[in-house]
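1. based on what follows, work out the 3D shape:
(one chain, ligands or ions: 1)
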Amino acid sequence: MRSPTAFLSQEYQDLVKNEIDWKIRILEGPSTPWCKVDGKKVLMFCSNNYLGLSTHPKVKEAAMKAIETHGAGSGSVRPIAGTMDIHIELEKRLAKFKHAEASLVYQTGFAANAGLIPQLAGKEDLIISDELNHGSIIDGVRLCHAERAVFKHADTEDLKRVMNEAEKHIPSYRRILILTDGVFSMDGDIAPLDKIAEIAEEHGAMVYVDDAHGEGVLGEGGRGIVSHFKLDREKVHVEMGTFSKAFGVVGGHVSGSKDLVNFAYNKSRTWLLSGSHPPPVAAACIAAIDVLEKEPQHVKQLWDNTKYFKKTMKDLGFNVGNSQTPITPVIVGESGVAKKLGVRLFEEGIFALPIVFPMVARDKARIRTMMNAQLTKKDLDFAISAFEKIGKQLKII
Ligand SMILES: Cc1ncc(COP(=O)(O)O)c(C=O)c1O
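-> Next up is the predicted model:
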């Protein structure tokens, strides 16, 4: 007899048995360097709140004020009655910050990728994607009717090979869309966007970069990867990002031409059919942009901390991979070792999560650390000495 729900517990038990179920830790209070997790005071080493803006006084104040002036919710989807003046102001401020013609804000970065990518390529088109792109890009691509090809991670020679193959296709593809993360979240490396844009130009292809981990981090004042490479805006057609990481709030966005934005809001089903941001979210995002424009010290401090942490860890003998950004993996090899390291670090007061297969290769299990501008030198030394002590105990160094 068919059971309607037996798979729920069966599949969950399989995950538990294979130790790949998520064990959720609970943050009791704000995401600050010293915070309370599962009742224990720990140093936060795995938040994407790179600049600490989630608790910046101006950001919090803007959110509270917006509740007073606009209420707690928007009441509708954007195209009906859910576009408020603050949503428009946010889009204008973001476009100005990005030096783009126009920007469009979605509820989340995931909603931006899942809503826009399927509209950019159809049956007669080809999508070419970096093999390590984020899951939200992958799901966006899954919703497409276009043909798909993958190029080796950050390998522009392989991208050229795929492109040359694509040009042999009969009939020729109507459109070609290249998708890449800007900063890859598992390794912290940066996509060769300058070279990707050159290849795209030769073939008349569209370039879409997901800069979720580059914003607030790379480029002039944290303007992101297009600024980092000083690229001509015309050559990167969609710069996608999120307010959920360095901006410290929540919300996805795309920046580019007015044509892109007009197209995107009329076609993205996630934008059209899902409620818009509550006013405090939109207002907090505006305030976060304001802080980035007026207080460059946060991005600078993030990089100073990043350089100090990476160098000291490397000097101690840890394998910190090839990261070029504040995401610093501490690669230990086997999953069991990474998990043990995570547990021991937590006991010593450091909150950093192990990343294991299938999220990374079986022999590349790691603790992924995320740097934060608000960590002091004393905090960093506290974390580094815990890594050193446990690293020696577990024979990692
Ligand atoms: C590369 C990348 N793209 C998109 C997202 C999704 O962003 P959001 O949290 O705004 O949905 C993430 C978040 O994990 C990400 O790392």
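
2. for stretch 111-126, the distance to its chain's centre please.
-> 19 Å (C-alpha atoms, centre = their mean, to the nearest Å).

3. please read the previous query as pertaining to stretch 245-252.
-> With C-alpha atoms, centre = their mean, you get 9 Å for stretch 245-252.

4. distance between the ends of that stretch?
-> 10 Å (C-alpha to C-alpha, to the nearest Å).

5. same question, stretch 266-282
-> 20 Å.

6. buried stuff in that stretch?
-> 268, 270, 271, 274, 276, 277, 278, 279, 280, 281, 282 (16 or more other C-beta atoms under 10 Å). Any C-beta I mention is one placed from the backbone N, CA and C, and that applies to glycine too.

7. quick one: residues in contact with it.
-> Here stretch 266-282 makes contact (C-beta atoms under 8 Å, 6 or more residues apart in numbering) with 62-64, 66-67, 69-74, 76-79, 82-84, 86-87, 89-90, 104-107, 111-112, 114-116, 119, 243, 249-251, 264-265, 285.

8. just the buried members of those?
-> Among these, those buried by neighbour count (16+ other C-beta under 10 Å) are 62-63, 66, 70, 74, 77-78, 82-84, 86-87, 90, 104-107, 111-112, 114-116, 119, 243, 249-251, 264-265, 285.

9. looking at the residues you listed, which are in strands?
-> 104, 105, 106 (DSSP state E).

10. hang on, residue 180 in a strand?
-> Yes: Residue 180 sits within a strand when classified using DSSP: H, G, I helix; E, B strand; the rest coil.

11. helix, strand, or coil at residue 150?
-> Secondary structure for residue 150, judged by three-state DSSP, is strand.

12. not counting sequence-adjacent ones, nearest residue to the closest residue to the ligand within the chain?
-> Of all residues in the chain, residue 109 sits closest to the ligand, at 2.5 Å by C-beta to the nearest ligand atom. Nearest non-adjacent residue to residue 109, counting by C-beta to C-beta, 6 or more residues apart in numbering: residue 242, 3.4 Å away.

13. flag every buried residue along stretch 121-137.
-> Going by neighbour count (16+ other C-beta under 10 Å), the buried part of stretch 121-137 is 121, 125, 126, 127, 128, 129, 130, 132, 133, 134, 136, 137.

14. most widely separated two among those residues?
-> 125 and 132 (22.2 Å; C-beta to C-beta).

15. helices or strands up against the longest helix seen in the chain?
-> In the chain, with assignment by DSSP state H, the single longest helix is helix 297-315. With contacts taken as 3 or more C-beta pairs under 8 Å, 6 or more residues apart in numbering; DSSP states H and E, helix 297-315 sits against helix 279-294, strand 327-333, helix 377-393.

16. what angle do it and strand 327-333 make?
-> 20 degrees (axes from the mean of the first three to the mean of the last three C-alpha atoms, to 10 degrees).

17. which strands and helices sit next to the helix-or-strand element of the chain with minimal mean pLDDT?
-> Least confident helix or strand of the chain, by mean pLDDT, DSSP states H and E, is strand 353-355 with a mean of 92. Strand 353-355 makes packing contacts with helix 335-347, strand 365-370 when contacts are defined by 3+ C-beta pairs under 8 Å, 6+ apart.

18. ok, residue 298 touching residue 53?
-> Yes: contact status for residue 298 versus residue 53: in contact at 7.4 Å, counting by C-beta atoms under 8 Å.

19. okay, these two: which has more neighbours?
-> Using other C-beta atoms under 10 Å as the criterion, residue 298 and residue 53 rank with residue 53 on top: 28 against 21.

20. what's near enough to touch the more buried one?
-> By C-beta under 8 Å, 6+ apart, the contact set of residue 53 is 59, 216, 246, 247, 248, 249, 288, 291, 292, 298.

21. and which of the residues you listed is nearest to residue 7?
-> Scanning these for proximity to residue 7, where the rule is C-beta to C-beta, the winner is residue 249, at 36.6 Å.

22. who touches that closest one in this structure?
-> 53, 54, 59, 243, 281, 284, 285, 288.

23. these: which two are farthest apart?
-> Maximum pairwise distance in those, criterion C-beta to C-beta, is 13.2 Å, between 53 and 281.

24. show me which residues of the protein sit near the ligand.
-> Contact residues, the chain versus the ligand (C-beta under 6 Å from any ligand atom): 108-110, 134, 136, 181, 185, 210, 212-213, 242, 244, 252.

25. residues contacting stretch 251-259, please?
-> Defining contact as C-beta under 8 Å, 6+ apart, one finds that stretch 251-259 is touched by 91, 94-95, 98, 100-113, 116, 233, 236-244, 260-261, 264, 277, 281-282, 285.

26. so which of those belong to helices?
-> 91, 94-95, 98, 109-113, 116, 260-261, 264, 281-282, 285.

27. can you tell me which of those residues lies closest to residue 389?
-> Nearest to residue 389 among the ones in helices among the contacts of stretch 251-259, with distances taken as C-beta to C-beta, is residue 109, at 36.8 Å.

28. what's the pLDDT at residue 117?
-> At residue 117, the pLDDT value in this model is 98.

29. measure the closest residue to it other than its chain neighbours to residue 274 for me?
-> What sits nearest to residue 117 in space, not counting adjacent residues and going by C-beta to C-beta, 6+ apart, is residue 140, at 3.1 Å. Distance, residue 140 to residue 274, using C-beta to C-beta, to the nearest Å: 15 Å.

30. swap in residue 221?
-> 31 Å.

31. contacts only, for residue 173.
-> Applying C-beta under 8 Å, 6+ apart, the residues near residue 173 are 124, 125, 126, 147, 166.

32. look up the pLDDT of it for me, please.
-> Note for residue 173: predicted pLDDT of 98.
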